[in-house]
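Asks: please work out how this folds:
(chains A, B, C and D)
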Number of protein chains: 2
Amino acid sequence: MKEDSLANKVYIEVRKKILSSQLVGGARLVESAWAEKLAVSRVAVREAFMRLAGESLVEFGEKGGCFVKKMTVEDVKDIRELRELLEIGALKILFAKRDEEVIRDLELICSDFSDMVSKGYYGGACEADVRFHERIIEGTCNSRLIAIYKNSNIPLFHMKLGAILGQMEDYLDTEREHRAIVEALKTGDWDSAYATLVSHLDRGEQEALELV
Amino acid sequence: MKEDSLANKVYIEVRKKILSSQLVGGARLVESAWAEKLAVSRVAVREAFMRLAGESLVEFGEKGGCFVKKMTVEDVKDIRELRELLEIGALKILFAKRDEEVIRDLELICSDFSDMVSKGYYGGACEADVRFHERIIEGTCNSRLIAIYKNSNIPLFHMKLGAILGQMEDYLDTEREHRAIVEALKTGDWDSAYATLVSHLDRGEQEALELV
DNA sequence: TTGGGGTAAATTGTATACAATATCTGAGTG
DNA sequence: CACTCAGATATTGTATACAATTTACCCCAA
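Replies: Coordinates of the predicted model:
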């Protein structure tokens, strides 16, 4: 894709809005409105929408119209399951590779997380939380796995969640669990890492379900 | 998406050609050619291409042009790893659910596979092979996991492979491994299922690597 | 022969135009 | 007052047109 094509510009713009929840699920995307807003022709907008449809971030109604995809309760469950599947799988790969750099990065992210929590930067802490999980996926160096994870809306979902959960308690749990996982990775204690990650994700699901 | 929109028609058509390897990786997709071939305007073709780009089945070159995505040796490795991750994860979910219908379906697919192999329908056997793995994924009832699996090109890759591997030996191995997995699922013997699936996929990778 | 460069052809990226469809609105009717 | 249905408006789906860019081709010179 030409980096500077108009369709790409629209794609980037709309995608960002969706992933940052500025566009909420179910919202209708009107071509002409976006065309005017971004000063391009409707064709470019349509192309961008089609690409987003390919990524399942939007969908076209049977009677026309483009809508931001909704999250149902079913979705929350599916995402949680998928997430466990991907992250556990990635973690297992990390255990096989034992890449020092990844471990170091994870420790740094843990420190950042602690720092921000202690200073009350809960938004930043949430970003660090997302990054922790992304780093696990990226540590596999499997570009397809990474692409799937990023396209799965998991990070988005994660952020949306973080924006709401404000319990200090939760942040401390998260911190403890992250550190336990890194520690287990360092010592090669797979069972411990596995159990911690599962319960960590479980806790996330509970919080998610309270919102729906 | 309107089921009968022209863009959708093009999308379906091109996608089918890619997934069935009638369009090979790296092939250039010329808009006007497809527009003429399918008797639609270039706009519809472009929209279809954009959607396929969203699915990573094609990509746009930096200097313009739309190309079917290539598979590198790296891709083979990544796909294999991803596939193991997804299928093992799905299998674990199946073990938790113990859905009778899924088990029955898997057994039927095994029978079909045997039938076709014994009659020399190797193409059909290969289809059954793909279906076996897809059924495992579908058995989870996790729509996002299913979507990811289907979009991951794994089935495509599988078929491409099957078209070449002609060793009777391989088919018998496949048959035995599939049956062993189903049997383990019936008796709840996770360790056995796990080990069999891993070695089954391992064998697949070996065959794949011989082709690249 | 080969390499350069310039022109022609092909292809893409974008805008505009228009017909078809969907959605809204409001007046008239039971 | 609720309902419905005709017309008006908004929105989408598609085609065509055109400028910009890329690719192919060919001729000429080293």
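Asks: quick one: buried residues of stretch A:172-186?
Replies: Buried positions in stretch A:172-186, judged by neighbour count with 16 or more other C-beta atoms under 10 Å in any protein chain shown: A:Thr174, A:Glu175, A:Glu177, A:His178, A:Arg179, A:Ala180, A:Ile181, A:Val182, A:Glu183, A:Ala184, A:Leu185. Where C-beta positions appear, they are placed from N, C-alpha and C, glycine not excepted.
Asks: ok, residues contacting that stretch?
Replies: Outside stretch A:172-186, the residues that touch it by C-beta atoms under 8 Å, 6 or more residues apart in numbering or on different chains are A:91, A:94-95, A:98, A:103, A:106-107, A:109-110, A:113-114, A:117, A:129, A:132, A:189-190, A:192-193, A:196-197, A:199-200, A:203.
Asks: you'd agree A:Lys70 is in a helix?
Replies: No - per DSSP: H, G, I helix; E, B strand; the rest coil, A:Lys70 lies outside any helix segment and is coil.
Asks: tell me the contacts of it?
Replies: A:Gly25, A:Gly26.
Asks: state the pLDDT value of it.
Replies: According to the prediction, A:Lys70 has pLDDT 87.
Asks: could you count how many residues lie near the residue of chain A found nearest chain B?
Replies: Nearest residue of chain A to chain B (C-beta to the nearest C-beta) works out as A:Gly54 at 2.0 Å. Counted with other C-beta atoms under 10 Å in any protein chain shown, the neighbours of A:Gly54 add up to 23.
Asks: which among the contacts of stretch A:172-186 count as buried?
Replies: Buried among the contacts of stretch A:172-186 (16+ other C-beta under 10 Å): A:91, A:94, A:103, A:106-107, A:109-110, A:113-114, A:117, A:129, A:132, A:193, A:196-197, A:200.
Asks: which element follows the helix or strand of chain A with the lowest mean pLDDT toward the C-terminus?
Replies: Least confident element among the helices and strands of chain A, by mean pLDDT, DSSP states H and E: helix A:154-164 (a mean of 61). Sequence-wise, the next helix or strand downstream of helix A:154-164 (DSSP states H and E) is helix A:168-187.
Asks: mind listing what the residue of chain A closest to chain B touches?
Replies: B:Met50, B:Arg51, B:Leu52, B:Ala53, B:Gly54, B:Glu55.
Asks: go with 7 Å
Replies: Contacts for A:Gly54 were tallied using C-beta atoms under 7 Å, 6 or more residues apart in numbering or on different chains; they are B:Arg51, B:Leu52, B:Ala53, B:Gly54, B:Glu55.
Asks: turn those residues into JSON lines, columns for pLDDT and secondary structure.
Replies: Below are the contacts of A:Gly54 laid out as JSON lines (pLDDT from 0 to 100; DSSP: H, G, I helix; E, B strand; the rest coil):
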{"residue": "B:Arg51", "pLDDT": "95", "secondary structure": "helix"}
{"residue": "B:Leu52", "pLDDT": "95", "secondary structure": "helix"}
{"residue": "B:Ala53", "pLDDT": "94", "secondary structure": "helix"}
{"residue": "B:Gly54", "pLDDT": "91", "secondary structure": "helix"}
{"residue": "B:Glu55", "pLDDT": "87", "secondary structure": "coil"}
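Asks: identify the residue spatially nearest to A:Tyr171, adjacent ones excluded.
Replies: A:Val117 (4.7 Å; C-beta to C-beta, 6 or more residues apart in numbering or on different chains).
Asks: okay, that neighbour: pLDDT?
Replies: pLDDT at A:Val117 comes out at 91.
Asks: please, which helix or strand holds it?
Replies: helix A:100-119.
Asks: next structured bit after that helix?
Replies: With DSSP H and E, the next secondary element past helix A:100-119 is helix A:122-138.
Asks: got the angle between whatever helix or strand comes next after that following helix and helix A:122-138?
Replies: Later in the chain than helix A:122-138, the nearest helix or strand by DSSP H and E is helix A:143-151. Here helix A:143-151 points in a direction 150 degrees away from that of helix A:122-138 (axes from the mean of the first three to the mean of the last three C-alpha atoms, to 10 degrees).
Asks: how many neighbours does the residue of chain A found nearest DNA strand C have?
Replies: For chain A, the residue closest to DNA strand C is A:Ser41, as judged by C-beta to the nearest atom of the strand, at 2.9 Å. By other C-beta under 10 Å, the residues close to A:Ser41 number 13.
Asks: distance of the residue lying closest to it once chain neighbours are set aside from A:Val43?
Replies: In this structure, A:Ser41 finds its nearest non-sequential neighbour in A:Ala35, 6.1 Å apart by C-beta to C-beta, 6+ apart. Separation of A:Ala35 from A:Val43 (C-beta to C-beta, to the nearest Å): 9 Å.
Asks: those two: which has the busier surroundings?
Replies: Neighbour comparison, A:Ala35 and A:Val43: the larger count goes to A:Ala35, with 18 against 15 (by other C-beta under 10 Å).
Asks: surely that one meets A:Val45?
Replies: Yes - applying C-beta atoms under 7 Å, one finds A:Ala35 in contact with A:Val45, separated by 4.9 Å.
Asks: longest helix anywhere in chain A?
Replies: Counting residues, the longest helix found in chain A (DSSP state H) is helix A:73-97.
Asks: quick one: list the elements packing against it.
Replies: helix A:122-138, helix A:143-151, helix A:154-164, helix A:190-211, helix B:73-97, helix B:143-151 (3 or more C-beta pairs under 7 Å, 6 or more residues apart in numbering or on different chains; DSSP states H and E).
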